[in-house]
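J.: Structure for the following, please:
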Amino acid sequence: MDKRDIDEQLNDLRFDMDDEIDARNERRGWQPQPARHAYRPMETSHAIILAAIIIVGGLWGGKLVYDYIQEQRLKAELTELARFMDNAIKDLDNNNRQMQSDIQKRSASVEKAAQQHKVNEDRRRLDEIARAQQEKKSQSAQCQFWRQQHALNPDNRNTSKKEETCN
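T.: You can find the predicted model right below:
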């Protein structure tokens, strides 16, 4: 046999395994079982409706998740803003207390200065009144009389009377 003859024989051979297996099974009396499904196949209309429900549910769920995320971001921002405002209010309160204490100190010093001015003014008025009374006493006739007596005769009696009436 020539090599060419073997190649031709092989090329002429046909292997149809499925046909052979089916023929053998028929000889044995075995027939293939019809294809069974675990569940009935879905009808096209039902599949379309289910796909629409899934799409709408997915979009709606995605929107809910998006809204939830936005709400959480907004909540975090508002919390941060509230914290910032609390700190700002505390700072303002501290500044306000400091300013009030400064104002109280200034008003106390102004009040003290006013009281000191009033005391000085009262003292000046009393000094003026005392000087006026002293001048009035020294201008009185009795004082002038006892001064003359003391100038003419400086004894203890004239000195004490002059002191009584003039001072």
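J.: got any ranges where this structure has weak pLDDT?
T.: 1-4, 10, 12-16, 32, 34-38 (pLDDT under 70).
J.: any chance you could map the strands in this protein?
T.: With DSSP state E applied, the chain shows no strands anywhere along its length.
J.: And the longest helix belonging to it, what does it pack against?
T.: Longest helix in the chain by number of residues, with DSSP state H as the criterion: helix 44-139. In this structure, helix 44-139 makes packing contacts with helix 156-166, judged by 3 or more CB pairs under 8 Å, 6 or more residues apart in numbering; DSSP states H and E. Heads up, the C-betas are built off the backbone N, CA and C, glycines and all.
J.: Name the residues of the helix it packs on that are buried.
T.: Within helix 156-166, the residues that count as buried by 16 or more other CB atoms under 10 Å are 158, 161-162, 165-166.
J.: Output those residues as TSV; include the columns distance to Arg73.
T.: TSV is the format used below for the buried residues of helix 156-166 (distance: CB to CB, whole Å):
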residue	distance to Arg73
Asn158	108
Lys161	104
Lys162	102
Thr165	99
Cys166	97
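J.: which among these gets closest to Gly62?
T.: Cys166 (113.0 Å; CB to CB).
J.: doesn't Ala141 make contact with that closest one?
T.: No. Taking contacts as CB atoms under 8 Å, Cys166 lies outside contact range of Ala141: 11.7 Å.
J.: I'd like to check the angle between the longest helix of the chain and helix 156-166, please.
T.: 140 degrees (axes from the mean of the first three to the mean of the last three CA atoms, to 10 degrees).
J.: Pull the distance from helix 44-139 to the chain's centre.
T.: Helix 44-139 has its average C-alpha position 12 Å from the chain's average C-alpha position, going by CA atoms, centre = their mean, to the nearest Å.
J.: got it, and stretch 43-56?
T.: That offset, for stretch 43-56, works out to 51 Å (CA atoms, centre = their mean).
J.: which parts of it are buried?
T.: Under 16+ other CB under 10 Å, stretch 43-56 has no buried positions.
J.: what's in contact with it?
T.: Stretch 43-56 has contacts (CB atoms under 8 Å, 6 or more residues apart in numbering) with Met42.
J.: one more time with 10 Å, if that's ok
T.: Identification of contacts with stretch 43-56 by CB atoms under 10 Å, 6 or more residues apart in numbering yields 41-42.
J.: For Lys118, see how far away Ile129 is.
T.: Distance, Ile129 to Lys118, using CB to CB, to the nearest Å: 16 Å.
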